[in-house]
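Participant: Provide a 3D model corresponding to the input given below.
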Amino acid sequence: MEDLFSVLTGRVEQAFNEHTSAGAILHRAVYEPLDGLLMSTGQEIRCSKGCDACCHRMVICTRVEALAVMEYLQGINKWDDQLREAVHLHASTLQDYLEPGENKPDTWIERWVACPFLKEGECLVYPMRPVSCRSYHSLDEPELCKVPIRKVAQVKEINQAEELFSMMATMVGERIDPVFAAKGLFTLILDELSADITATGEVV
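Facilitator: Predicted structure coming up:
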């Protein structure tokens with residue numbers, strides 16, 4: 001794991017020398033090696049288009065990862081009023097669930113509220129999805145991912161490395177601006193970023 005840390009640290013340096021946008025830096029320094037690790041395991045990962053239980057769970061990410069998603073959506077002209085409203089609705093529903101109250105399901109997935117970027121079984125932001133989405137996988141039948149307490153077989157190396165890749169994303173955020181190193185729930189951060197951008201007219 002120490003060797004992987006050295007490799008990733010070097011990629012962070014390279015990424016900042018080669019790119020300026022948060023998305024490009026994250027992709028070069030964090031997402032490419034994580035995807036490569038998944039592909040190199042030699043095990044049959046059962047995840048595919050249409051198995052979207054993971055898109056109904058809470059997603060934790062760094063603020064810089066959320067910023068990269070927003071940059072990506074703006075780049076493909078998809079960050080419009082309709083999508084902003086969908087993000088806001090998801091964030092509000094999630095916030096309501098997190099508030100103390102009666103007659104609530106035990107787990108968020110029991111509400112079966114889809115991520116606002118899930119469109120017809122596909123992830124709209126798949127190329128720029130956060131570390132937690134990329135590392136979420138199953139070697140078992142996708143149907144087993146729908147239960148609240150998920151007990152599917154996974155690649156041990158990915159589970160062990162997830163924390164390291166998340167730490168690399170935090171490192172990237174810290175280098176851009178300490179505020180972007182903070183972690184939180186994906187749509188709550190996006191909703192906050194969206195409100196900030198609406199107020200200032202700037203991405204950051």
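Participant: what's near enough to touch Glu18?
Facilitator: 24, 28 (CB atoms under 8 Å, 6 or more residues apart in numbering). In this view, the C-beta of every residue, glycine as well, is placed from N, C-alpha and C.
Participant: if we go to 7 Å?
Facilitator: With contacts defined as CB atoms under 7 Å, 6 or more residues apart in numbering, Glu18 is in contact with Arg28.
Participant: can you give me the distance of the spatially most central residue of the chain to Phe16?
Facilitator: Here the mean C-alpha position of the chain is nearest to the C-alpha of Pro130 (CA atoms, centre = their mean), at a distance of 2.4 Å. Plainly put, Pro130 is 19 Å away from Phe16 if you go by CB to CB, to the nearest Å.
Participant: what about the residue nearest to the centre of the chain, distance to Glu99?
Facilitator: Relative to Glu99, Pro130 is positioned 24 Å away (criterion: CB to CB).
Participant: returning to what we had before: so who does the residue nearest to the centre of the chain touch?
Facilitator: 59, 61, 65, 186.
Participant: top of the residues you listed by number of neighbours, please.
Facilitator: In terms of neighbours by other CB atoms under 10 Å, the contacts of Pro130 top out with Glu65 at 32 neighbours.
Participant: which element is it on?
Facilitator: Mapping Glu65 onto the secondary structure by DSSP states H and E places it in helix 63-75.
Participant: buried set for that helix?
Facilitator: Buried residues in helix 63-75, counting neighbours by 16 or more other CB atoms under 10 Å, are found at 63-73.
Participant: once you drop chain neighbours, what's closest to Ile158?
Facilitator: If you skip the residues right next to it in sequence, Ile158 has Ser135 as its closest partner in space, 5.5 Å away by CB to CB, 6 or more residues apart in numbering.
Participant: and Cys47, by the same measure?
Facilitator: Counting by CB to CB, 6+ apart, His137 is the residue found nearest to Cys47 once chain neighbours are left out, at 5.4 Å.
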